[in-house]
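**Q** Here you go, sequence then predicted model.
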Amino acid sequence: MTEVVNHKKIAVIIPVLNEEKTLPLVLNDMPKDLVNEVVVIDNGSSDRTAEIAKEQGATLLFESKRGYGYPCLRGIEYLKTKNPDIIVFVDGNYSDHPDEIGKLVAPIISEDYDLVLGSRAMGNVEEGALRMPVRFGNLLAITLIRFLYGFKYTDLGPFRAIKFNKLLELDMNDNLGWTIEMQCKAVRKRYKILEVPVSYRKGTGKSKFTGNIKGIAIVGYRILRAVLKNLFYS
């Protein structure tokens, strides 16, 4: 695998908020033979998250506007100066398995896919790792996308890889509907899309958005908004 990607520049974006316990685990599991640069975007942490990122050799950026999409957009803006071939998105709470990055980038390199999504639904999920609001949100979103966009996804997981030039073409701008925006716009752009099975664990970080009935309502609203907002994107 290393030989296959040696001629490709691969960058990883990790948005973080108070992940001092989990970020070291994420960075330690990063396949350094595949990844050229790891960009950690701190979203206002009050712990040692930023210091840990620097200590472990990651590029550290800051984004004051809270959310998920804003830190990712900050990382993308920075990477425009580096022009990588492939961008991989990984969460900082150690739920994703960074050592599986090769599974995401291989189809892009060897089969010319534009977007490869890590599907937890197709992979190995630790018991209790996917809370009810997440399961509800996934089902709602993939059902709406299949009905309105005519494309069958199995998951909305954050662990994904995409060609950098294709990512820029999507003109991403959403914040809390980030993953849905990318998947909807990719379908509208007729990108070559693939889902691959990935592992998923509980992680040791605290969920910021889900966990109860209120969480389900919030997730449902964000999904409906994101799916409908991007329906007429071209």
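**A** Arrived safely, thanks for sending. Numbers count the residues shown, from 1 in each chain.
**Q** For Thr2, report the pLDDT, please.
**A** Note on Thr2: pLDDT of 47.
**Q** do the same with Lys206
**A** 51.
**Q** Ok, Glu127 next?
**A** Per-residue confidence (pLDDT) for Glu127: 88.
**Q** any idea how far Phe151 lies from Ala186?
**A** Remark: distance between Phe151 and Ala186 (C-beta to C-beta, to the nearest Å) = 9 Å. Every residue, glycine included, has its C-beta placed from N, CA and C.
**Q** Burial check on Leu171, number of neighbours?
**A** No, residue 171 isn't Leu; it's Asp. Neighbours of Asp171 under the rule other C-beta atoms under 10 Å: 9.
**Q** Over to Glu51?
**A** 13.
**Q** and if you look at Arg190?
**A** 9.
**Q** Helix or strand with the lowest mean pLDDT in this protein?
**A** helix 2-5 (a mean of 50; mean pLDDT, DSSP states H and E).
**Q** got any residues that touch both of Phe151 and Ala186?
**A** Common contacts of Phe151 and Ala186 (C-beta atoms under 8 Å, 6 or more residues apart in numbering): Ile193.
**Q** The residue nearest to the spatial centre of the chain and Glu127, how far apart?
**A** Most central in the chain under C-alpha atoms, centre = their mean is Pro158, positioned 3.1 Å from the mean C-alpha point. To Glu127, Pro158 is 20 Å away according to C-beta to C-beta.
**Q** Likewise for Gly220?
**A** 24 Å.
**Q** mind listing the strands for the chain?
**A** Assigned by DSSP state E, the strands in the chain fall at 10-16, 37-42, 59-62, 86-89, 115-119, 160-163, 193-197.
**Q** out of those, nearest to Leu139?
**A** Of all the strands of the chain, strand 115-119 sits nearest to Leu139, with 13.6 Å by C-beta to C-beta.
**Q** The closest one vs strand 193-197, what angle?
**A** Relative orientation of strand 115-119 and strand 193-197, computed by axes from the mean of the first three to the mean of the last three C-alpha atoms, to 10 degrees: 30 degrees.
**Q** So, low pLDDT: which residues of this protein?
**A** For the chain, the stretches with pLDDT under 70 are 1-6, 204-216, 219, 232-234.
**Q** what do you get if the cut-off is 90, keeping everything else the same?
**A** 1-7, 127-141, 176-177, 202-234 (pLDDT under 90).
**Q** Look up how far Ile101 lies from the spatially closest residue to Val198 that is not a sequence neighbour.
**A** Nearest-residue entry for Val198: Gly118, 3.5 Å, with adjacent residues in sequence omitted and distances by C-beta to C-beta, 6 or more residues apart in numbering. Distance from Gly118 to Ile101, counting by C-beta to C-beta: 9 Å.
**Q** Where do the helices of the protein begin and end?
**A** Counting by DSSP state H, the segments of the chain that form helices are 2-5, 23-28, 49-55, 69-79, 101-111, 132-149, 164-169, 178-188, 213-229.
**Q** Can you add distance to Asn43 and give those helices back as JSON lines?
**A** Formatted as JSON lines, those follow (distance: least, C-beta to C-beta, whole Å):
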{"stretch": "helix 2-5", "distance to Asn43": "29"}
{"stretch": "helix 23-28", "distance to Asn43": "12"}
{"stretch": "helix 49-55", "distance to Asn43": "9"}
{"stretch": "helix 69-79", "distance to Asn43": "5"}
{"stretch": "helix 101-111", "distance to Asn43": "22"}
{"stretch": "helix 132-149", "distance to Asn43": "20"}
{"stretch": "helix 164-169", "distance to Asn43": "20"}
{"stretch": "helix 178-188", "distance to Asn43": "13"}
{"stretch": "helix 213-229", "distance to Asn43": "17"}
